[in-house]
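Engineer: Give me a 3D structure for the following:
(chains A and B)
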Amino acid sequence: MEWSFAPVIANLDILLLGLLNTLKVTGLALSLGVPLGLALALMRLSQVRPVSMVSAFIIEFFRTTPPLVQLFWFFFAFPILFNINMTPYLAAVVTFSIQSSAFFAEIFRSGIQSIDHGQWEGSKAIGMSRNQSLRRVILPQAVKRMIPAFMERSIELLKTTTLVSTIAYTDLMYQANSIAQSTFRPLEVYTVVALIYFVLIFAFSQLSIIIEHRLAKSGEGTVN
Amino acid sequence: MDHNWDFATIFTNWRVYWVGLQGTLLMFGVTVTLGMFGGLIIGILRYMKHPAAAWPARAFVEVFRNTPVLVQIIWFYYAFPILTGIETSPFLAAALGISLNTMAFSAEIYRAGIQSIDKGQWEAGKAIGMNFAQTMRRIILPVALKRVLPALTNRGIEVFKMSTLASVVAYIETLSQAKLIAELNYNPIESYTAVALIFFVVLYPVVQGTYALERVLNRSDR
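Structural biologist: Residues are numbered from 1 along each chain as shown, chains lettered A, B, ... in the order given. This is a model prediction of the structure:
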């Protein structure tokens, strides 16, 4: 067995393009998934029972079904049902935004619930409405406690985006598949791609550990 | 939304789904067993003071936690046979990827559980003449395992969902069977909705069970 990395190096630009697309899908799914997650969390904490039940159902459904099934559903079934054109890119963004929002919702909820009830009463006493107390008093404290769980979820999301290669979106994994097929060098190609993912994800993990230590030192509790 | 729903083909093809579900259950059973037992060993190694035990265990955990499981499965399917000359079947490649990934994640869960046990327990074990292995087995693990049970159940749920990734290397499981039905009957909406529902129906009670388990353990622990 002889290793030959030349075919990989020759196609490095294709891999980097894939990496860029991976980061693009991750970033977009994050920026849509977080606000959507907050909305779902607030709905779930709502006093109106039908609202909280609908939100609970959405959250549980997207947490208990495999992301690959969701992706296939949005790519193959959704466009027929609503008669629209679906691209692999759009399906990926829609799926991972909703999927991660279900997980972010639970992080938001445990963050909000971890704040002492006296804080709500305190802000009510100085005349704030429920919305004002949430925005000015509760969320700023809750968000700080959520940061570690939030970062862990974002890393999970980055790993999950590899699934888009199965519906032919040109992410890092898809580019690896096509280079492996055209160069007949799957060993080198997949090893290099695994390394790229490792370096990227390991760096994010270490960053989140550092931030977690900082937060622990500043005397803040965290939630899962 | 003027779609003509065609769930009839789903019911007439229930055997196809059943074959798929058996594949899913087999994959889940093998990977969850290997992952949880292997993870316990690696978790203990990672906890040990000796660098010859702790460092390889740490390297293993970091590698398999920080790469996507799909990359691992595909690596074992296409790259591993070239490296070792061992042919990997779709089942073997997926089982290796998912098991090793699960071992890495559960190792960290076990380690956190072991570390959460008060040092006094170790000292007490030593004081009555137990060695490391005896203290671990008789005193530390029984308490630690109870504490990490909810985290382990959550991991198990993740493993069950992960089994769908085996379809990428052409292992026959629920999702790949649904794809087959969708292609034969031109009914992707019904066939993929059915898979989503199958997973939801299987996992929802388990998730609810985890919540109940957490409440029970919280009450008994504190």
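
Engineer: Which stretches in the chain count as helices?
Structural biologist: Assuming you mean chain A. A:6-10, A:12-44, A:49-64, A:67-72, A:78-82, A:88-113, A:117-125, A:130-133, A:139-160, A:172-183, A:186-217 (DSSP state H).

Engineer: actually it's chain B I care about, not the one you picked
Structural biologist: For chain B, applying DSSP H gives helices covering B:8-12, B:14-47, B:51-65, B:69-74, B:80-84, B:90-115, B:119-127, B:132-135, B:141-162, B:174-185, B:188-221.

Engineer: weakest of the ones you listed in terms of mean pLDDT?
Structural biologist: With a mean of 85, helix B:8-12 has the lowest mean pLDDT of those.

Engineer: picking that back up, looking at the helices of chain B, which is buried most?
Structural biologist: Mean neighbour count (mean count of other C-beta atoms under 10 Å in any protein chain shown) peaks for helix B:69-74 among the helices of chain B, with a mean of 26. Where C-beta positions appear, they are placed from N, C-alpha and C, glycine not excepted.

Engineer: Can you pull out the residues in contact with that helix?
Structural biologist: Contacts to helix B:69-74, defined as C-beta atoms under 8 Å, 6 or more residues apart in numbering or on different chains, come from residues A:159, A:162-163, A:165, A:173, A:176-177, A:190, A:193-194, A:197, B:64, B:93-94, B:96-98, B:100-101, B:162, B:165-166, B:168-169.

Engineer: ok, now which ones touch residue 93?
Structural biologist: In the absence of a named chain, chain A is used. Counting by C-beta under 8 Å, 6+ apart, residue A:93 has contacts A:25, A:28, A:29, A:32.

Engineer: Correction: the question concerned chain B.
Structural biologist: Residues near residue B:93 by C-beta under 8 Å, 6+ apart: B:73, B:74, B:76, B:77, B:80, B:169.

Engineer: ok so, going back, looking at the helices of chain B, which is nearest to residue A:140?
Structural biologist: Taking C-beta to C-beta, helix B:188-221 is the member of these nearest to residue A:140, at 28.0 Å.

Engineer: Surely residue B:32 touches residue B:101?
Structural biologist: No. Contact between residue B:32 and residue B:101 fails when scored by C-beta atoms under 8 Å: they sit 11.6 Å apart.

Engineer: want to throw the helices of chain A into a markdown table with mean pLDDT?
Structural biologist: Below are these laid out as a markdown table (pLDDT from 0 to 100):
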| stretch | mean pLDDT |
| --- | --- |
| helix A:6-10 | 89 |
| helix A:12-44 | 96 |
| helix A:49-64 | 96 |
| helix A:67-72 | 97 |
| helix A:78-82 | 90 |
| helix A:88-113 | 95 |
| helix A:117-125 | 93 |
| helix A:130-133 | 91 |
| helix A:139-160 | 92 |
| helix A:172-183 | 94 |
| helix A:186-217 | 93 |
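
Engineer: Please name the nearest non-neighbouring residue to the residue most central in space within chain A.
Structural biologist: Nearest to the geometric centre of chain A sits residue A:157, at 3.7 Å (C-alpha atoms, centre = their mean). Closest residue to residue A:157 apart from its sequence neighbours, by C-beta to C-beta, 6 or more residues apart in numbering or on different chains: residue A:100 at 5.0 Å.

Engineer: tell me the contacts of that neighbour?
Structural biologist: Contacts for residue A:100 (C-beta under 8 Å, 6+ apart) come out as A:29, A:30, A:33, A:37, A:153, A:157.

Engineer: Tell me if stretch A:160-175 is near chain B.
Structural biologist: Yes. With C-beta under 8 Å from any C-beta of the partner chain as the criterion, chain B is reached by stretch A:160-175 at A:160, A:162, A:163, A:165, A:166, A:173.

Engineer: Which residues belonging to that stretch are considered buried?
Structural biologist: Residues A:160-167, A:169-175 are the ones in stretch A:160-175 that count as buried (16 or more other C-beta atoms under 10 Å in any protein chain shown).

Engineer: so which of those residues comes closest to residue A:208?
Structural biologist: Closest approach to residue A:208 among these (C-beta to C-beta): residue A:160, at 16.7 Å.

Engineer: Make sure that closest one is actually in contact with residue A:67.
Structural biologist: Yes. The pair residue A:160 and residue A:67 qualifies as a contact (C-beta under 8 Å) at a distance of 5.4 Å.
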